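Peer 1: My questions are about this predicted structure, shown below with the sequence.
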Amino acid sequence: MIKSVSMNNKNVVQSFRFFLPKKDEQVIDLANKVFNFLTGLKAIDPTLFSRWYEQAHSEKKAKEKAVLLNAKYLESIIHAEWDNKFPHLGCTFNLWSGKDDDTENCQVSFNIGKTTDNVNIKNVITLSFPFKKDLHLKDETKISAIKTLIKNVWNPSLIEVE
């Protein structure tokens, strides 16, 4: 059962945070889900979600790390970020949209592949929208499409809308 929780009453949506069940999954399966999620977002709103970059220590370095939207490339990111010393802790990586104006940037944080019994460590993905109001005024059609995409790709146990 998927629960959806709205965390605010404003006329804007700042982010989606969704929690995934802990289960053993192959890296290629996770990469395919990331690919399907990113391409689904692009189909919903190409203005916001057309391009992604791996986060780095500086904007210049990040702009050198454009994400190729294919499962093999995404698999390489997941492999590179996987905690090999503690494989039950999975991987964590962040992507951002790389717009020239920071108020127009989106970000998506992936904490996935975790199978630890520790209840405090969760598989969670956060999709954050830009700060510029006219880019994220609540649009029920897009919000609904993003929720459907999340449910279809990730099958989360909980979706929080903030």
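Peer 2: Nice, I can see it.

Peer 1: Could you verify that residue 18 is part of a helix?
Peer 2: No - with DSSP: H, G, I helix; E, B strand; the rest coil as the criterion, residue 18 is located in strand rather than a helix.

Peer 1: Verify the stated contact: it with residue 158.
Peer 2: Yes - with contact defined as CB atoms under 8 Å, residue 18 counts as touching residue 158 (6.6 Å). Using the backbone N, CA and C atoms, a C-beta is placed for each residue, glycine as well.

Peer 1: Looking at the two now, which is surrounded by more residues?
Peer 2: In this view residue 18 and residue 158 are compared by other CB atoms under 10 Å, and residue 18 has more residues nearby, 22 against 15.

Peer 1: quick one: pLDDT of the more buried one?
Peer 2: For residue 18, the model assigns a pLDDT of 97.

Peer 1: From residue 51, how far out is residue 161?
Peer 2: 24 Å (CB to CB, to the nearest Å).

Peer 1: Looking at these two, which one has more neighbours?
Peer 2: residue 161 (18 against 15).

Peer 1: Return the distance of the longest helix along the chain from the chain's centre.
Peer 2: Identified as the longest helix of the chain according to DSSP state H is helix 27-44. Remark: helix 27-44 is offset 9 Å from the chain centroid, using CA atoms, centre = their mean, to the nearest Å.

Peer 1: Could you point out the helix or strand that follows that helix?
Peer 2: helix 46-49 (DSSP states H and E).

Peer 1: what is the rounded mean pLDDT of the next helix or strand after that following helix?
Peer 2: Later in the chain than helix 46-49, the nearest helix or strand by DSSP H and E is strand 53-54. The average pLDDT within strand 53-54 is 93.

Peer 1: Now the element after strand 53-54, going C-ward?
Peer 2: helix 59-63.

Peer 1: what's the angle between the next helix or strand after that next one and helix 27-44?
Peer 2: Per DSSP H and E, the first helix or strand lying C-terminal to helix 59-63 is helix 71-81. If you take axes from the mean of the first three to the mean of the last three CA atoms, to 10 degrees, helix 71-81 sits at 120 degrees to helix 27-44.

Peer 1: Can you name every helix or strand that the very next helix or strand once past helix 71-81 contacts?
Peer 2: Moving toward the C-terminus from helix 71-81, the next helix or strand (DSSP H and E) is strand 91-96. Taking 3 or more CB pairs under 8 Å, 6 or more residues apart in numbering; DSSP states H and E as contact, the helices and strands that strand 91-96 lies on are strand 53-54, helix 71-81, strand 107-112.
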